[in-house]
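Q: I would like the atomic coordinates for the input below:
(chains A and B)
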There are 2 protein chains.
Amino acid sequence: MPDIVDAVKRVLVGRPVRSENLGETLLPKRVAFPVFSSDALSSVAYAPDEILLMLSIAGLASYAISPWVGLAVVVVLLTVVASYRQTVRAYPSGGGDYEVATKNLGGTAGLTVGSALLVDYVLTVAVSVSSGSQYLATVLPAARGHEAAIAIGIVALLALLNLRGVRESGRGFALPVYVFMAAMGAMALAGGVQWLSGSLGAAESAAFELTAEPGYEEGLVGLAGAFLVLRAFTSGAAALTGVEAIANGVPAFQRPKSKNAARTLLLLGAVSTFMLTTVLGLASATGVRFVDDPATQLRLGGEPVPDGYQQDPVIGQVAQTVFAGFPPMFYVVTVTTGLILLLAANTAFNGFPVLGSILARDGFLPRQLHTRGDRLAFSNGILILAFAAIVLIWVFDARVTALIQLYIVGVFVSFTLGQLGMVRHWNRELNTESSTRERTRMKRSRAINGFGFALTAVVLVVVLITKTAQGAWITIALMVVLFAVMRGIRRHYDLVAQELTLATPEEIEDAKALPARVHAVVLVSKVHKPTMRALAYARATRPSTLQAITVAVDPEDAAQTRAAWDAAGIPLPLTVLDSPFREITRPVLEYVRSLRRSSPRDLVVVYVPEYVVGHWWEQLLHNQSALRLKGRLLFTPGVVMASVPWQLNSSRDVAHTLAVGEPGQQPGDLPGPGAVRRGR
Amino acid sequence: MPDIVDAVKRVLVGRPVRSENLGETLLPKRVAFPVFSSDALSSVAYAPDEILLMLSIAGLASYAISPWVGLAVVVVLLTVVASYRQTVRAYPSGGGDYEVATKNLGGTAGLTVGSALLVDYVLTVAVSVSSGSQYLATVLPAARGHEAAIAIGIVALLALLNLRGVRESGRGFALPVYVFMAAMGAMALAGGVQWLSGSLGAAESAAFELTAEPGYEEGLVGLAGAFLVLRAFTSGAAALTGVEAIANGVPAFQRPKSKNAARTLLLLGAVSTFMLTTVLGLASATGVRFVDDPATQLRLGGEPVPDGYQQDPVIGQVAQTVFAGFPPMFYVVTVTTGLILLLAANTAFNGFPVLGSILARDGFLPRQLHTRGDRLAFSNGILILAFAAIVLIWVFDARVTALIQLYIVGVFVSFTLGQLGMVRHWNRELNTESSTRERTRMKRSRAINGFGFALTAVVLVVVLITKTAQGAWITIALMVVLFAVMRGIRRHYDLVAQELTLATPEEIEDAKALPARVHAVVLVSKVHKPTMRALAYARATRPSTLQAITVAVDPEDAAQTRAAWDAAGIPLPLTVLDSPFREITRPVLEYVRSLRRSSPRDLVVVYVPEYVVGHWWEQLLHNQSALRLKGRLLFTPGVVMASVPWQLNSSRDVAHTLAVGEPGQQPGDLPGPGAVRRGR
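A: Alright, predicted model coming up:
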């Protein structure tokens, strides 16, 4: 199996990259911008929809408030951008809010941010890809009804692209982002000109009547109305996710890293604001309707909407109206929006593994997540993210409006704690800094972060109030579980480290003490070449005592073995162990234990002959007794298991094929991976 | 994980049984009969149905021929029983037709029988359990439409029961078989009395008109008619499967094994004949209709049958008519018939693993199948059988009429080759036997087997002609594949054995030659207790040279390790290996290879410190580098991998819990199984 896996991996993931080449994968701004900003930009594909959808509950009149909701989102967005510009300058290592919170607020705050962001990355992938597959269904009717399956396939594809490494992904992803920006710019321009000249048409859905839900007949009044506006705002605030991706991605920028990242942040803020404003403005001007359930909420001349009415996303409806005279542009806008959503998921594929690696470095996650894969991407993190997102998409059947309720809790937890940490950071810096100019700069930064903290804290409270019951409790529960698990992992590592540390000079001296004598035990199943090799190797180490043992699972076989042993003239008696339960493991264990009991200060080395086979199917044909025996024997202190391999011819063929088959390697340099089983 | 698995296994499967207790699980005839005969007996539940179903294609008139078809089946059945009575006497070891064919006709014939029977056992389970779940649906309307799911669940349950061991299964299964026989006897008696007294009613379905299918309007005439009769016969011949189960089960009988088995065979023949005759006779007398598709084939007063008409199995219809005055008996008959079908599947669970074990002993299947499980059942075989049957049920959606087309090909291949082998056997025996009395007995046996061969060969040809296109090609294809795979496995084992055999005295002397010197290499990841232990053990073996090496995946870590090394005052330099690809495996491999190259006649022992953890989740938290390294290093000749375990505290807890938690074991006797990972 491993040889096949290896070959497939090479084809899909590409060849390994040397550590020195790590520098080569740094991104210039023109590539870093699309890679790290597509998440934030793409939210324009669903954030306006969710704002209108929420407001539609209170009837058509409430749509008038949508520009104000959009404005509130923009204000928070720009505040967060300004705050992060301080963060990337102060902490250019890519730890982002996690590092800021850990260093300034302590481990618990840091771990809270870590759990929050991990969960939110997963949601970014789930929401973006689900929305993207709905855009696909807009232009490709055949895809309708299969959105979840398509979304899951896309996540798998993205994971694969990212396993190939960040640079190639970045290059491939840059073009669509710029095409999308151009398309949105063209739509803004055309729409604006038409609006000014009075020639802007009405959207198809503008003809529908929009009835308020029961309880909202009076529109946005009272507590219920205010609550609805807040829900619209928090749904729209999904536009803010992805901003932290740049802060976490600083190490991937070309030098000067912090400066380039800060500039990219500014560009992102400007472009996002422009897009959100454009879509909400044009939607309002063309009279677009967007509701949760068209069948019950929309009516046409008093009748329900016709069967099979497909409610296009807001951007699609606007594009259809603005480009009524030139339909191809509708397809350009819709398709690039769909693409950009898929690339948004890619942002999470960049951010999640980096964060996971940092958490693993700090002992909160298994060490495997800290290991860079062959292609310098954090392979394990990518795989885990893809798996979690696929589960979410599957559970929620790729419904964006349901998923959006789980979204952004984590991001705002991270924003708030991160900004609070930055305020502390500047306070501490100010304590030691004496240069007046520097102090002024720091105070300005502190003011920005302070305002950022206050605003994001308020938004976090609003998010918790409006979304917890709608599904965000799932996010919160996941965060709590993740927090507990990560804390438990850290405790495990700490305990193990403590157990293994050579704390005192006495412990070091104790550890240097040698066992008095060495008892060698050779396991014999048959008298054949692997056994003879194990015996020869055992004898070569000149142990104090040497015993050959065999287990009599079948008395006839045992008698044969003993006869062959005598016939071979081996100058050593063969000890036959009884096995009433037809097991191999237990009698050997008991024998070794009895050796240990009679001389507890000695060392017992058990020599096990093993076959090395070349094909995965050959493994199935040989017994696993050796592995089981080893798993048990290792529990006994003072015992060493020595595997004496016998290379079957087939294993040599595989080793040769692999060495020859991969150019650039020394022949015989990398033997084929293979299977090891007990020789019997 | 393993500790949980072990505990679950104990609860579900029971405690291990000692080899000496093997004798205890031998079955007295009164238990052996139900265990090994339920397959053959149960076929009365579907064989008559399939005969009527086939004949119904040619219209109602053709039903008149059904007793004759039944009679033909009975003749073949009794012939096969008589033949097998010779087989169990001549070959009491349980090898059945496989052994007979191998010994008398050669390996190819034996392996053909082996493949045929393996496939047929799977079909026995699939057909019986599918039919059983249809009986369940007769009395439990809620089960309708879920037959496949129920059947799959039942197969899983049967597998579990059999993993607990043959005796308990036998005991638990004896009662229902006897109740079934009593119920069928009561039905025969009541039906017979009613028929004689002229009070026997008509079945509900007797009112239906049965229209012939297009092309059969004239009834059973011409080639098509003859073909249909043959198809009815071969479907009815499904009653013959299971007879060989007794021949294969001889070793499970109490002594005198052969005699008891032969008597059981005779009893089986008598009971089977009686039941088949009863059901077909009463079905004919009560006018039961049974068709493939009631909606198109049955009409009532010219109209199609009412919607929702549920066609009960023939036994159910007969019981309903005979016991019209006492409905509870209908339920007794139906429920026991359903139960007996499930027990029939159990016959295969007894036969398949025994045959698999014999094939494994002869090197045609992986050796694991030859190993008796804890409870003296052949666990691996049971699991494979259950899996294959579940796949078949799932693919054919538990439809008996479809599955029956795949059935009995294998059984008749086995019958035919087995009887031919027996004829050869007697011929050979006659060559050496001089006693006239014995010779007479042998000639009689030979005559019986000769007739058996001729008849089963004819039936086999008929089966091939009538069933291949209907689905039996699947069975034949599976048999061919299985044959090829088993032959390949045998070739592999032969090649390995040849490769490993010490053929000549020179080879034995060569194998005794010792390596000139021993080079010890200790892998260091950190300077902590596991490393120090590995170092101490390596030094204790007093190797010719001793080196400590570490891989510099991260230069900072490597510098720290070297500093700690020096601080500990270890009297040995630490060699740091470069790792441009951030791998651990490759640099170590290259280092060890270079050692080997410079002194190819020496032995290299690599000491790897490993953690032993107590919980499965702890495994996830430690690196798998050691396993990967080992997998690769074993490809290099002249290298021994020595695992030096460090038992973490958690592993001691688990070992203790397991030892204390299982009564009857010495404390500390059986350490918990556990996980082994590289200490890092």
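Q: need the three-state assignment for the residue positioned nearest the centre of chain A.
A: In chain A, the C-alpha nearest the mean C-alpha coordinate belongs to A:Leu385, at 2.9 Å (CA atoms, centre = their mean). Three-state assignment for A:Leu385 (DSSP: H, G, I helix; E, B strand; the rest coil): helix.
Q: and A:Leu464, by the same measure?
A: Three-state assignment for A:Leu464 (three-state DSSP): helix.
Q: quick one, what contacts it?
A: Each residue near A:Leu464 by CB atoms under 8 Å, 6 or more residues apart in numbering or on different chains is listed here: A:Val409, A:Ala472. For glycine as for every other residue, the C-beta is placed from the backbone atoms N, C-alpha and C.
Q: make it 10 Å
A: A:Leu464 makes contact with A:Thr234, A:Val409, A:Phe412, A:Val413, A:Ala472, A:Trp473, A:Ile476, according to CB atoms under 10 Å, 6 or more residues apart in numbering or on different chains.
Q: which members of those additionally contact chain B?
A: With CB under 10 Å from any CB of the partner chain as the criterion, the contacts of A:Leu464 include none near chain B.
Q: could you single out the nearest of those residues to A:Ser56?
A: Of all those, A:Ser56 sits closest to A:Thr234, with 16.1 Å by CB to CB.
Q: the closest one contacts A:Tyr407, doesn't it?
A: Yes: at 9.2 Å, A:Thr234 counts as touching A:Tyr407 under the criterion of CB atoms under 10 Å.
Q: what is in contact with the two at once?
A: Joint contacts of A:Thr234 and A:Tyr407 (CB under 10 Å, 6+ apart) are A:Glu50, A:Val463, A:Lys467, A:Ala472.
Q: got the residues you listed as JSON lines, with secondary structure, distance to A:Arg597 and pLDDT columns?
A: Compiled in JSON lines, the shared contacts of A:Thr234 and A:Tyr407 are given as follows (DSSP: H, G, I helix; E, B strand; the rest coil; distance: CB to CB, whole Å; pLDDT from 0 to 100):
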{"residue": "A:Glu50", "secondary structure": "helix", "distance to A:Arg597": "71", "pLDDT": "91"}
{"residue": "A:Val463", "secondary structure": "helix", "distance to A:Arg597": "64", "pLDDT": "89"}
{"residue": "A:Lys467", "secondary structure": "helix", "distance to A:Arg597": "64", "pLDDT": "86"}
{"residue": "A:Ala472", "secondary structure": "helix", "distance to A:Arg597": "60", "pLDDT": "88"}
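Q: most neighbours, which of those?
A: The member of those surrounded by the most neighbours (other CB atoms under 10 Å in any protein chain shown) is A:Glu50, with 26 neighbours in all.
Q: in contact with the closest residue to that residue other than its chain neighbours, which residues?
A: Distances taken as CB to CB, 6 or more residues apart in numbering or on different chains place A:Ser235 nearest to A:Glu50, at 3.7 Å, with adjacent residues excluded. With contact taken as CB under 10 Å, 6+ apart, A:Ser235 is in contact with A:46-55, A:69, A:73, A:401, A:404-405, A:407-408, A:463, A:466-467, A:470.
Q: next one: A:Tyr91
A: When contacts are taken as CB under 10 Å, 6+ apart, A:Tyr91 is in contact with A:97-100, A:103-104, A:247, A:250, A:258, A:418, A:421-422, A:425.
Q: hmm, 6 Å instead?
A: Contacts for A:Tyr91 (CB atoms under 6 Å, 6 or more residues apart in numbering or on different chains) come out as A:Glu99, A:Val100.
Q: would you map the helices across the stretch 301-450 of chain A?
A: A:314-322, A:328-361, A:379-395, A:400-404, A:409-432, A:436-467 (DSSP state H, counting those that start in this stretch).
Q: now do the shortest one: which elements does it pack against?
A: In this case it means helix A:400-404. Helix A:400-404 is packed against helix A:107-139, with contacts defined by 3 or more CB pairs under 6 Å, 6 or more residues apart in numbering or on different chains; DSSP states H and E.
Q: can you mark which positions in the helix it packs on are buried?
A: Neighbour-count burial for helix A:107-139, counted by 16 or more other CB atoms under 10 Å in any protein chain shown, picks out A:109-138.
Q: these: which ones sit near chain B?
A: Among these, no residue lies close to chain B (CB under 6 Å from any CB of the partner chain).
Q: what pLDDT does the model give A:Ser19?
A: The pLDDT attached to A:Ser19 in the predicted structure is 44.
Q: actually A:Arg582, not the one I typed
A: According to the predicted model, the pLDDT of A:Arg582 comes to 69.
Q: outline the domain layout of chain A.
A: For chain A, the domain assignment from automatic domain parsing gives the residue ranges A:30-283+A:290-494, A:515-678.
Q: quick check: which of the helices of the stretch 301-450 of chain A is buried the most?
A: helix A:314-322 (a mean of 26; mean count of other CB atoms under 10 Å in any protein chain shown).
Q: returning to what we had before: which two in the shared contacts of A:Thr234 and A:Tyr407 are spaced the farthest apart?
A: Between all members of the shared contacts of A:Thr234 and A:Tyr407, the farthest pair (by CB to CB) comes out as A:Glu50 and A:Ala472, at 14.1 Å.
Q: which residue packs closest to the residue in the stretch 351-500 of chain A that chain B sits nearest to, ignoring adjacent ones?
A: Distances between the stretch 351-500 of chain A and chain B by CB to the nearest CB are smallest at A:Leu500, namely 4.0 Å. Excluding its sequence neighbours, the residue lying closest to A:Leu500 (CB to CB, 6+ apart) is B:His528, at 4.0 Å.
Q: right, and the residue nearest to the centre of chain A touches A:Gly351 too?
A: No: between A:Leu385 and A:Gly351 no contact is recorded; they are 9.2 Å apart, counting by CB atoms under 6 Å.
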